[in-house]
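Colleague: Provided below are the primary sequence and the corresponding predicted coordinates.
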Amino acid sequence: MASLGNSNLVNINTGIFKQDAFIVLVKTEWNADIVDELERGCLKILQQNNARVETIVVPGSVEIPFAINKHWAKAKKKMDEPHAYIALGCVIRGETPHFDYVCRMVADGILHLNLHLPVPTIFGVLTVNTVEQALDRLGGKHGHKGEEAAITAYKMIEVE
């Protein structure tokens, strides 16, 4: 089980974060209340570090990798490349295997982006069994996964 107690992630004193970073958030419309809170947590950390932020909204988690790939291609042409992408979504298990397919597709898509783009894509997609589990990850007993995604982006920007 992931919890704040078994990670040094939120120790943001482990390095100097890049000031004025350009970070693109790609968030889903699906489970909007939860995803909007993930975004608020991200923005809190990004704004503390003077990030320039762009937000792209897509219907669901499966569409996140496509949107990031498309954005990168356009940004590269305009020479306005972001330093990192953060994928924000929430997939809640239902009664069918659809949950497994969606989680696999988004995870594989983000992995592909991380291996092929020169900038990191942070996996900020909650994959939970219940709404209660999602809420526990929005400032509850498992921390705030939106804030953690932003911290992770900053730490990954510094990886050479």
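Modeller: Alright, I've got the coordinates. Values in this document were obtained by computation on a predicted structure and should not be read as measured data. Residues are numbered from 1 along each chain as shown.

Colleague: every contact and neighbour count from this point should use C-alpha atoms.
Modeller: Noted.

Colleague: shaky segments in the chain?
Modeller: Scanning the chain with the threshold set as pLDDT under 70 gives 1-16, 160.

Colleague: hmm, residue 123 is touching residue 88, no?
Modeller: Yes: the pair residue 123 / residue 88 is scored as a contact, 7.2 Å apart, by CA atoms under 8 Å.

Colleague: more neighbours: which of the two?
Modeller: residue 88 (29 against 20; other CA atoms under 10 Å).

Colleague: surely that one meets residue 27?
Modeller: Yes: between residue 88 and residue 27 there is a contact at 4.6 Å, judged by CA under 8 Å.

Colleague: show me where this protein has helices.
Modeller: For the chain, the helices defined by DSSP state H cover 32-48, 64-78, 98-116, 131-136, 145-157.

Colleague: tell me how many other residues crowd residue 84.
Modeller: Residue 84: 22 neighbours (other CA under 10 Å).

Colleague: that one and residue 18 touch, don't they?
Modeller: No: applying CA under 8 Å, one finds residue 84 not in contact with residue 18, separated by 11.3 Å.

Colleague: follow-up on the earlier one: could you dump the helices of the chain to TSV with mean neighbour count and distance to residue 56?
Modeller: Output for the helices of the chain, formatted as TSV (neighbours: other CA atoms under 10 Å; distance: least, CA to CA, whole Å):
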stretch	mean neighbour count	distance to residue 56
helix 32-48	18	11
helix 64-78	16	8
helix 98-116	16	16
helix 131-136	16	22
helix 145-157	23	16
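
Colleague: can you give me the distance of the closest residue to residue 99 other than its chain neighbours to residue 130?
Modeller: What sits nearest to residue 99 in space, not counting adjacent residues and going by CA to CA, 6 or more residues apart in numbering, is residue 93, at 5.3 Å. Residue 93 is 7 Å from residue 130, where distance means CA to CA, to the nearest Å.
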